[in-house]
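Engineer: Model the following, please.
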Amino acid sequence: MSESYHSWKTHDFKVKMLDWSAARGSRLVYTCRLCGRAFCSFTLRNNGAWATDGIGRPLENAVSSRWLSEKCPRNFSPNDNDDRKRLSKPVIQ
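Structural biologist: Numbers count the residues shown, from 1 in each chain. Just a heads-up that it's a prediction; the model follows:
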(Lines give C-alpha, C1' and ligand atoms only; values in the text may rest on other atoms or scores of the structure.)
Protein backbone atom coordinates (compact mmCIF):
# COMPACT_ATOMS: atom_id res chain seq x y z
CA MET A 1 0.00 0.00 0.00
CA SER A 2 1.17 3.52 -0.74
CA GLU A 3 2.16 6.01 1.93
CA SER A 4 -0.56 8.43 0.80
CA TYR A 5 -3.17 5.67 1.29
CA HIS A 6 -2.04 5.17 4.88
CA SER A 7 -1.98 8.93 5.48
CA TRP A 8 -5.50 9.26 4.01
CA LYS A 9 -6.78 6.70 6.52
CA THR A 10 -5.62 8.84 9.49
CA HIS A 11 -8.26 11.53 8.76
CA ASP A 12 -11.86 11.50 9.99
CA PHE A 13 -13.68 12.68 6.86
CA LYS A 14 -17.14 14.00 6.23
CA VAL A 15 -18.01 13.75 2.53
CA LYS A 16 -20.13 16.08 0.39
CA MET A 17 -20.92 16.05 -3.32
CA LEU A 18 -19.99 19.38 -4.97
CA ASP A 19 -21.17 18.71 -8.53
CA TRP A 20 -21.54 16.06 -11.21
CA SER A 21 -20.52 15.49 -14.82
CA ALA A 22 -21.24 12.60 -17.17
CA ALA A 23 -17.55 12.16 -18.04
CA ARG A 24 -16.05 12.27 -14.55
CA GLY A 25 -18.93 11.42 -12.23
CA SER A 26 -19.51 13.16 -8.93
CA ARG A 27 -16.90 15.54 -7.56
CA LEU A 28 -16.68 14.81 -3.87
CA VAL A 29 -15.06 16.95 -1.20
CA TYR A 30 -13.62 15.12 1.81
CA THR A 31 -13.20 17.44 4.81
CA CYS A 32 -11.43 16.19 7.91
CA ARG A 33 -13.35 16.84 11.13
CA LEU A 34 -10.10 16.92 13.11
CA CYS A 35 -7.72 19.13 11.10
CA GLY A 36 -10.03 20.85 8.60
CA ARG A 37 -8.00 19.84 5.55
CA ALA A 38 -10.15 19.30 2.45
CA PHE A 39 -9.54 17.13 -0.61
CA CYS A 40 -11.51 16.50 -3.81
CA SER A 41 -11.76 13.54 -6.14
CA PHE A 42 -14.06 12.30 -8.89
CA THR A 43 -16.00 9.03 -8.64
CA LEU A 44 -15.71 7.81 -12.26
CA ARG A 45 -12.45 9.20 -13.54
CA ASN A 46 -9.98 8.32 -10.84
CA ASN A 47 -7.03 10.68 -11.23
CA GLY A 48 -6.45 10.71 -7.49
CA ALA A 49 -7.25 13.32 -4.89
CA TRP A 50 -6.05 16.90 -4.61
CA ALA A 51 -6.08 19.45 -1.79
CA THR A 52 -8.63 22.25 -1.90
CA ASP A 53 -9.30 25.49 -0.06
CA GLY A 54 -12.48 24.06 1.46
CA ILE A 55 -14.90 25.27 -1.22
CA GLY A 56 -13.49 23.15 -4.01
CA ARG A 57 -10.79 25.36 -5.54
CA PRO A 58 -7.60 23.32 -6.05
CA LEU A 59 -4.43 24.28 -4.20
CA GLU A 60 -0.92 24.28 -5.66
CA ASN A 61 0.51 20.85 -6.47
CA ALA A 62 3.17 21.26 -3.77
CA VAL A 63 0.47 21.70 -1.10
CA SER A 64 -1.55 18.74 -2.42
CA SER A 65 1.50 16.48 -2.46
CA ARG A 66 2.51 17.47 1.07
CA TRP A 67 -0.98 17.17 2.57
CA LEU A 68 -1.58 13.80 0.88
CA SER A 69 1.72 12.42 2.20
CA GLU A 70 1.28 13.68 5.78
CA LYS A 71 -0.76 11.98 8.47
CA CYS A 72 -3.62 13.98 9.96
CA PRO A 73 -2.17 16.60 12.33
CA ARG A 74 -5.26 16.05 14.57
CA ASN A 75 -5.90 19.78 15.01
CA PHE A 76 -6.26 22.98 13.02
CA SER A 77 -2.96 24.61 12.05
CA PRO A 78 -2.28 28.28 11.24
CA ASN A 79 0.15 27.02 8.56
CA ASP A 80 -2.77 25.27 6.84
CA ASN A 81 -4.60 28.60 6.63
CA ASP A 82 -1.61 30.01 4.73
CA ASP A 83 -1.60 26.92 2.47
CA ARG A 84 -5.30 27.42 1.65
CA LYS A 85 -4.41 30.76 0.06
CA ARG A 86 -2.02 29.04 -2.39
CA LEU A 87 -4.50 28.34 -5.18
CA SER A 88 -3.32 26.53 -8.30
CA LYS A 89 -5.09 29.11 -10.49
CA PRO A 90 -5.67 32.75 -9.62
CA VAL A 91 -9.19 33.83 -8.75
CA ILE A 92 -10.65 36.00 -11.50
CA GLN A 93 -12.79 38.83 -10.20
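Engineer: mind checking the longest helix of the protein?
Structural biologist: helix 61-69 (DSSP state H).
Engineer: on contacts alone, who are the packing partners of that one?
Structural biologist: Packing partners of helix 61-69 (3 or more C-beta pairs under 8 Å, 6 or more residues apart in numbering; DSSP states H and E): helix 3-8, strand 38-42, strand 50-52. Backbone N, C-alpha and C define where each C-beta goes, glycine included.
Engineer: Going by neighbour count, list what's buried in the next helix or strand after that helix.
Structural biologist: Using DSSP states H and E, the helix or strand that follows helix 61-69 in sequence is helix 78-83. If you call a residue buried by 16 or more other C-beta atoms under 10 Å, then helix 78-83 has these buried ones: 80, 83.
Engineer: Please apply the same query to stretch 10-19.
Structural biologist: Quick answer for stretch 10-19 (16+ other C-beta under 10 Å): 11, 13.
Engineer: what's the answer for stretch 35-45, then?
Structural biologist: Within stretch 35-45, the residues scored as buried using 16+ other C-beta under 10 Å are 35, 37-42.
Engineer: How far does it stretch from one end to the other?
Structural biologist: 27 Å (C-alpha to C-alpha, to the nearest Å).
Engineer: what does stretch 6-25 give?
Structural biologist: Terminal-residue distance, stretch 6-25 (C-alpha to C-alpha): 25 Å.
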